[in-house]
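[1] all I have is the shape, not the residue letters:
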């Protein structure tokens, strides 16, 4: 009786791997990106397919200098880029709600009060997401945050606290997904 269950589990895992490869091919992440207004090249260091209730939502790719330690990337001054390629439509309001849910788990009330106007300013640039949309968040060496939608810059801030907090939604503990975080930073 165990053999059919093991076979089924093996087939499901095999299909998951194949589906991930197909989705990463669809996302077409570059192997490297050049940091805006710089000659610095960031290498694709990791990627992850986020699923929710067996539905592919988006693929994420993390770019960083080739020699950087991913586990300490968030606390460093090294540049990084997180790129998200979406497979599903998502309402702007749902994206904002998910971001605030993660931030509320990660920060105390005083820090959230300080972050709120900055995050609201960033959220004001969001639109409903359509399949095929690509968002990227880039933190430059100086702490500047660049948000791009489909290659066009839609938001810039020179506030390092905002850059770290917003990237932390994906890259810090108690964010959107521990599996995603672990896959990107290990």
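    Structure's in. What do you need? Bear in mind the structure is a predicted one, so any value in this text is a computation, not a measurement.
[2] which helix or strand lies directly C-terminal to the helix or strand of the chain with the lowest mean pLDDT?
    None of the helices or strands of the chain scores lower by mean pLDDT, DSSP states H and E than helix 2-27, at a mean of 51. Using DSSP states H and E, the helix or strand that follows helix 2-27 in sequence is strand 32-34.
[3] what strands flank that following strand, and is each parallel or antiparallel?
    strand 41-52 (antiparallel) (DSSP bridges).
[4] and residue 166, which of the three is it?
    helix (DSSP: H, G, I helix; E, B strand; the rest coil).
[5] residues in contact with it?
    99, 119, 122, 137, 145 (C-beta atoms under 8 Å, 6 or more residues apart in numbering). Every C-beta, even on glycine, is put in place using the N, C-alpha and C of the backbone.
[6] let's see that with 10 Å instead.
    Residue 166 is in contact with 82, 99, 102-103, 115, 118-119, 122-123, 137, 139, 145, 147, 155, 157, 159, counting by C-beta atoms under 10 Å, 6 or more residues apart in numbering.
[7] what separates it from residue 154, distance-wise?
    According to C-beta to C-beta, to the nearest Å, residue 166 stands 13 Å off from residue 154.
[8] identify the contacts common to these two.
    Contact criterion C-beta under 10 Å, 6+ apart; residues bridging residue 166 and residue 154 by contacting each: 122, 147.
[9] which residue ranges of this protein form strands?
    32-34, 41-52, 55-64, 80-86, 134-139, 145-149, 152-157 (DSSP state E).
[10] will you turn those into JSON lines that also has distance to residue 185?
    JSON lines is the format used below for those (distance: least, C-beta to C-beta, whole Å):
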{"stretch": "strand 32-34", "distance to residue 185": "18"}
{"stretch": "strand 41-52", "distance to residue 185": "7"}
{"stretch": "strand 55-64", "distance to residue 185": "8"}
{"stretch": "strand 80-86", "distance to residue 185": "10"}
{"stretch": "strand 134-139", "distance to residue 185": "14"}
{"stretch": "strand 145-149", "distance to residue 185": "19"}
{"stretch": "strand 152-157", "distance to residue 185": "23"}
